[in-house]
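Asker: just to be clear, the model below is a prediction. Sequence and coordinates:
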Amino acid sequence: VVSVIAPGISAQRSAGCSRVFTSMVDGSGSRGGYRFVLVVGSLVMVALAFLYQVGTAPVMLSTEISIDAPRAEVWKVVRDMQNWKDWNPCFHIEIDGMPEVGSPILIKCHWLDGSKATANERISHVEPETRLCWDYEDLPDWALGTDRCVVLTDTETGGTHVRNYELFFNLLGGLVGNLFGKSIIQGFSLMNEKLKQKVEAAAAEEEEAK
């Protein structure tokens, strides 16, 4: 039994508390010991049930935007991840060259509340002018699985519809998704707006140069 004596509390009083606590733990306190075990056991069960319900349920965080430019033009900017920092205030990427399946990347997140985070991830899917995806690598997949994608499709007017999302799943997926969901959605939304501005401004410049 380890006793921690706080300032202003006598050693005699602390020793008395330690004896009471010890009797509860080792069962010498009869009913008190059983009651302590039941309370702790109940709290553990509730915590595990909460983690199972909240932590394991998949969470999808998704945002969308339409850009007045062809998919090829949007893809040029999305694929050039190493230069995201020039237009994307929330997500800066360190990558060696253009993304290919299996390429490791380091993401530096700058959240709107001023906090920052980094994550080691890996490119999982590259479909030119259609889809770019990557996965979280700092924890094993059974603990925290993710599917982070930017998906491009045509609009009826000849522009591009962008879906910017991340799916959290497995043991801690729901817990992480719910805890950081607000910041992530804010980051995705701002990224969408800045991507739209970047692509449409470049298209306007090309049109003026003709």
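Answerer: Arrived safely, thanks for sending.
Asker: dihedrals phi and psi, residue 98?
Answerer: Reported as degrees, to the nearest 10, the phi and psi values for residue 98 are phi -80, psi 150.
Asker: oops, could you answer that again for residue 129 instead?
Answerer: Its backbone dihedrals place residue 129 at phi 60, psi 10, with angles given as degrees, to the nearest 10.
Asker: show me what contacts it?
Answerer: 71, 72, 75, 152 (CB atoms under 8 Å, 6 or more residues apart in numbering). Where you see a C-beta, it was placed from the backbone N, CA and C, and this is true even at glycine.
Asker: adding secondary structure and distance to residue 189 as columns, could you present these in JSON lines?
Answerer: What follows is the contacts of residue 129, written out as JSON lines (DSSP: H, G, I helix; E, B strand; the rest coil; distance: CB to CB, whole Å):
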{"residue": "71", "secondary structure": "helix", "distance to residue 189": "21"}
{"residue": "72", "secondary structure": "helix", "distance to residue 189": "24"}
{"residue": "75", "secondary structure": "helix", "distance to residue 189": "20"}
{"residue": "152", "secondary structure": "strand", "distance to residue 189": "17"}
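Asker: quick one: residue 167 and residue 138, what's the gap?
Answerer: With distances defined as CB to CB, to the nearest Å, the gap from residue 167 to residue 138 amounts to 17 Å.
Asker: okay, these two: which has more neighbours?
Answerer: The neighbour count for residue 167 versus residue 138, taken as other CB atoms under 10 Å, is higher for residue 167 (16 against 10).
Asker: grab the nearest non-local neighbour of the more buried one.
Answerer: Of all residues not flanking residue 167 in the chain, residue 147 sits nearest, at 4.3 Å (CB to CB, 6 or more residues apart in numbering).
Asker: how is that neighbour assigned, secondary-structure-wise?
Answerer: Using DSSP: H, G, I helix; E, B strand; the rest coil, the three-state assignment for residue 147 comes out as strand.
Asker: distance of it from residue 114?
Answerer: Relative to residue 114, residue 147 is positioned 28 Å away (CB to CB).
Asker: settle it for me: which of these two has more neighbours?
Answerer: For the pair residue 147 and residue 114, the greater number of neighbours falls to residue 147 (17 against 6), based on other CB under 10 Å.
Asker: great, nothing more from me.
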